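Undergrad: Based on what follows, work out the 3D shape:
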Amino acid sequence: MPKPIETRESSQIQPAPELEKRTRRRFSTEYKLNIIAQANQCAHGELGQLLRRENLYSNQLQQWRKELSQRGPEGLAKTSPGPQASKSADQKRIEQLEKENGRLQRKLQISEGCLDLQKKAFAMIEQFQDGDKK
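TA: Model (predicted):
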């Protein structure tokens, strides 16, 4: 026998709104420096416990240490995700304009070639017509 409709609707699980959408975590420079200092003080086997407690990954800690050693504390500052653009917006625009300029120059050469061909054809026609008149 089927269950009544009222009990089916009430048994649906409603997820918590804060779990609906995950957002990117952002760590301040001070937090990163604090975690690096704590990690450096950890004895053998305690590092995993620190990372679990702080909900971090070991590769995050490695990256932070690398940034600290290469560029100092300012290297730990927030950076935009993804690789850095190899060309600026101006360079991209210049490249685009140069490409368009080359395309238009080729088109102009073809048009000039067609005009030259038409001039020669008309000149030949005029020569044949002048020859027939004589």
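Undergrad: quick one: the helices in this protein?
TA: With DSSP state H as the criterion, the chain has helices at 5-10, 17-20, 29-41, 47-54, 58-71, 89-133.
Undergrad: which regions of this protein lie under the pLDDT threshold?
TA: Scanning the chain for pLDDT under 70 picks out 1-10, 19, 79-81, 133-134.
Undergrad: Give me the domain ranges for it.
TA: Segmentation of the chain into domains, based on automatic domain parsing, reads 25-77, 98-134.
Undergrad: Single out the most deeply packed of the ones you listed.
TA: Stretch with highest mean neighbour count among those: domain 25-77 (a mean of 13; mean count of other C-beta atoms under 10 Å). C-beta here means a position set from N, CA and C on the backbone, and glycine is covered the same way.
Undergrad: contacting residues for Lys107?
TA: Contacts for Lys107 (C-beta atoms under 8 Å, 6 or more residues apart in numbering) come out as none.
Undergrad: State the distance from it to Glu100.
TA: 10 Å (C-beta to C-beta, to the nearest Å).
Undergrad: same thing with Gly48?
TA: For Gly48 relative to Glu100 (C-beta to C-beta), the value is 57 Å.
Undergrad: Also Phe122?
TA: In terms of C-beta to C-beta, Phe122 sits 33 Å off from Glu100.
Undergrad: next one: Ile110
TA: 16 Å.
Undergrad: try Gln12
TA: The value you get for Gln12 to Glu100, if C-beta to C-beta is used, is 58 Å.
Undergrad: before we move on, what about Gly45?
TA: For Gly45, the distance to Glu100 - C-beta to C-beta - is 63 Å.
Undergrad: Distance to Ser88 for the domains of the chain - can I get that in CSV?
TA: Listed next are the domains of the chain as CSV, based on distance: least, C-beta to C-beta, whole Å:
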stretch, distance to Ser88
domain 25-77, 21
domain 98-134, 15
